[in-house]
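Asks: Below is the sequence, then the predicted model.
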Amino acid sequence: MLHYFKFRQELFDPAPAKDIYIKRGAGKGWPEECPPIRAANAFGFDLLANFDVTFLRSKSGWKVEKDVVIDSDFDYASTDAGEGKPLSQQYAWFWEKGQKLPHVITDNVYETIRNQVKISSYLFLKSDPNELLLMTDVPNLQRPWRAITALIDTDWYPASYPWHCVVELDPGEKRIEIKKGDALCRIIPVRRDTYFAQQMAPHEFDDFFAKGQKWLATHGKFEHEGTVDITRTYVRQQVRSKFVVLE
């Protein structure tokens, strides 16, 4: 289970992913009409952009047009006897050339990652034991920026800051806008486990292939020799995961 707490309560919760992200025009055969693609689109939770943000590129590099820094709606004190005060969190920030903390970035590496920007989700994230969060780009959505994929150990690492996603901006663009409510990235709960792959033995493949041919003969609609339509049957038999945000 994904557990979260918001930096401010009026900010966005994680949102269940959606089948369709692009409003298409007339015609048939759009990618979103394919059941496996729709299922992939809707697998996981989206972390949403809490503010409009614009990135501008010049010869000196990228900058945020209007920076946003907000305070938490709860107070924090480092000791029980201390006086609490709100935490402060920037919305978007870039790697720094010559950076030493939180980790060193040498100049040659900086040249490779200079188009990356970190955007805060304003969400503290936690998962149950042996559950991780795969953070990645929204599937099948092409934009002038993309979220970098990461696997986060949220079951044992109690980050005392809201998680951010790292976004890579298209260096061919001069102006990139991310609107409030846009899906910044996708997070998918996954199990920490050992996963195996092994080729089927010949007799296993024979059984598998025969089962497939029987399924096609039972459920497929034969348009003409060599062509079988299974679209409607696939949709009816497909069992999809559900992602729900509890109130």
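Replies: Received, thanks. Residues are numbered from 1 along each chain as shown.
Asks: From residue 79, how far out is residue 43?
Replies: Separation of residue 43 from residue 79 (C-beta to C-beta, to the nearest Å): 43 Å. The C-beta positions use only the backbone N, C-alpha and C, and glycine is treated the same way.
Asks: Show me what the helix or strand of the chain with the lowest mean pLDDT packs onto, helices and strands only.
Replies: Ranked by mean pLDDT, DSSP states H and E, the helix or strand of the chain with the weakest confidence is strand 221-224, at a mean of 72. With contacts defined as 3 or more C-beta pairs under 8 Å, 6 or more residues apart in numbering; DSSP states H and E, the packing partners of strand 221-224 are strand 227-229.
Asks: Quickly run through the sheet partners of the strand it packs on, with directions.
Replies: strand 221-224 (antiparallel) (DSSP bridges).
Asks: Which helix or which strand is home to the residue nearest in space to the middle of the chain?
Replies: By C-alpha atoms, centre = their mean, the mean C-alpha position of the chain lies nearest to residue 186, the distance being 1.6 Å. Assigned by DSSP states H and E, residue 186 belongs to strand 183-191.
Asks: likewise residue 209?
Replies: Here residue 209 is assigned to helix 202-219, by DSSP H and E.
Asks: cool, and residue 8?
Replies: Counting by DSSP H and E, residue 8 is part of no helix or strand.
Asks: who touches it in this structure?
Replies: Counting by C-beta atoms under 8 Å, 6 or more residues apart in numbering, residue 8 touches 70, 71, 72, 73, 122.
Asks: per-domain residue ranges of this structure.
Replies: Following automatic domain parsing, one finds the domains of the chain at 2-191, 202-237.
Asks: on that earlier part again, what comes into contact with the strand holding residue 186?
Replies: 1-2, 14-15, 17, 21, 43-49, 119, 121, 125, 127, 130-139, 141, 147, 151, 165, 167, 178.
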